[in-house]
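Q: with the sequence up front, the predicted model follows.
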Amino acid sequence: MAGASPITFVASANWGLYCGATVSFVDIERSTGLMSIETLTFKLEQAERYGFAVLEDASHAIGGRYQGEPVGNCRHSAITVFSFHPVKIITTGEGGLATTNDPVLAQRMAELRSHGIVREAVRFERPAAGPWVY
């Protein structure tokens, strides 16, 4: 199951759908416009056995801080994504950035970024680790 705030771009939900996950939206708090921690906590407790993961859409939060810590530090999420689309704070015309504290996720994202091309001969063949195989 994948969770997402309903105040986001469609891509925040599509990634889960593309991977065969069920997307579960988490309402926002009226006072902050941010994901409701209370609702998220409830959903995490209900879905813990399903391997629920939080993806932060920080596309408009480059340089932002939450409780004194930088947005994108993945303290409360598996992955934080930033967009460099022309309507964002920093733009490169297109593209983006993903941060994570999980070395396995970081490695898989690096492989996907490079279309599965690796230099280490030992990694040319390996058992399928998910829906993508090279």
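A: On my side now, so go ahead.
Q: helix, strand, or coil at the most centrally placed residue in the chain?
A: Nearest residue to the geometric centre of the chain (C-alpha atoms, centre = their mean): residue 55, 3.3 Å. Following DSSP: H, G, I helix; E, B strand; the rest coil, the label given to residue 55 is strand.
Q: surely it and residue 14 touch.
A: No - counting by C-beta atoms under 8 Å, residue 55 stays clear of residue 14, with 11.2 Å between them. The way it works is simple: take the backbone N, C-alpha and C, and place the C-beta from them, glycine included.
Q: one step back: can you tell me how far the residue nearest to the centre of the chain sits from residue 68?
A: Separation of residue 55 from residue 68 (C-beta to C-beta, to the nearest Å): 22 Å.
Q: so for stretch 101-113, mean pLDDT?
A: Across stretch 101-113, the average pLDDT comes to 89.
Q: so what are the domain limits for the protein?
A: 2-101, 102-134 (automatic domain parsing).
Q: which of the ones you listed sits most buried?
A: Stretch with highest mean neighbour count among these: domain 2-101 (a mean of 15; mean count of other C-beta atoms under 10 Å).
Q: that domain: how far from the chain's middle?
A: Averaging C-alpha positions (C-alpha atoms, centre = their mean, to the nearest Å) puts domain 2-101 6 Å from its chain's average.
Q: stretch 96-109 now?
A: Stretch 96-109 sits 9 Å away from the centroid of its parent chain (C-alpha atoms, centre = their mean).
Q: end-to-end on it?
A: With C-alpha to C-alpha, to the nearest Å as the measure, stretch 96-109 spans 12 Å from end to end.
Q: same thing with stretch 108-118?
A: Distance between the two ends of stretch 108-118: 11 Å, counting by C-alpha to C-alpha.
Q: for stretch 85-102, same thing?
A: Distance across stretch 85-102, first residue to last, is 26 Å (C-alpha to C-alpha).
Q: now what about it, what contacts it?
A: Residues from elsewhere that reach stretch 85-102 (C-beta atoms under 8 Å, 6 or more residues apart in numbering): 59-60, 62-63, 72-74, 78-84, 106, 109.
Q: right, and the pair among the residues you listed with maximum separation?
A: Farthest apart among the contacts of stretch 85-102 by C-beta to C-beta are 60 and 106. That separation is 23.6 Å.
Q: kind regards, and thank you for your time.
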